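> turn this into a structure:
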Amino acid sequence: MPKVIFQHSDGARTEVEGSIGDTLMHAATGHGVPEIEAECGGFCNCATCHVYIDAQWSTKLPPMSQHEDELLDGTVAERLPTSRLSCQIELTEELDGIIVTTPNRQT
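Model (predicted):
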């Protein structure tokens, strides 16, 4: 089970275990990570699961779809080069230990 480390905007960290095939969003919501609102439930329609992927991990992720890219343009928190929607990142063995930072707000 891959470990995910959520670095919160206040500096606190939450480590959770996710299941292979689940998304970062499901790992967050299943473990009560408060900054991941996920209003659309993971259907890539709302951008309220916006996260910042640690630079060392960003190259291990699949490319962003055009739809995800467009949604990220409308996030409340600042979009950064490592911004992704956590509903679009599927957990794999290769992502064990991934570090993601949550923005200070989603809505």
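
> which stretches of this protein form strands?
Ranges of strands within the chain are 3-7, 13-17, 50-53, 83-85, 98-101, based on DSSP state E.

> closest to Met25 out of those?
Of all the strands of the chain, strand 83-85 sits nearest to Met25, with 7.6 Å by CB to CB. Placement of C-beta: from N, CA and C, glycine included.

> and the contacts of that closest one?
Contact with strand 83-85 is made by 25, 44, 47, 49-53, 58, 61, 64, 68, 71-72, 75, as judged by CB atoms under 8 Å, 6 or more residues apart in numbering.

> and that strand, what's its mean pLDDT?
The average pLDDT for strand 83-85 rounds to 98.

> neighbouring strands of it in the sheet, and parallel or not?
According to DSSP bridges, strand 83-85 forms sheet pairs with strand 50-53 (antiparallel).

> contact partners of the strand it pairs with?
Residues external to strand 50-53 that are found in contact with it (CB under 8 Å, 6+ apart): 24, 36, 61, 72, 75-77, 80, 82-86, 89, 98-103, 106.

> ok, stretch 25-42 next?
4, 6, 8-9, 14, 16-18, 22-23, 46, 48-49, 51, 85-87, 89, 91, 102-107.

> could I have the buried ones of those residues as ChimeraX selection syntax?
The buried residues among those can be selected in ChimeraX (16 or more other CB atoms under 10 Å) with this line:
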select :4,6,14,16,18,22,23,46,48,49,51,85,86,87,89,91,102,103,106
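
> determine how far stretch 65-72 lies from the middle of the whole chain.
Taking CA atoms, centre = their mean, to the nearest Å, the mean C-alpha location of stretch 65-72 is offset from the chain mean by 14 Å.

> quick one: low-confidence residue ranges for the chain.
Across the chain, nothing is flagged by pLDDT under 70.

> rerun that using 90 as the cut-off
Applying pLDDT under 90 to the chain flags residues 1, 9, 105, 107.
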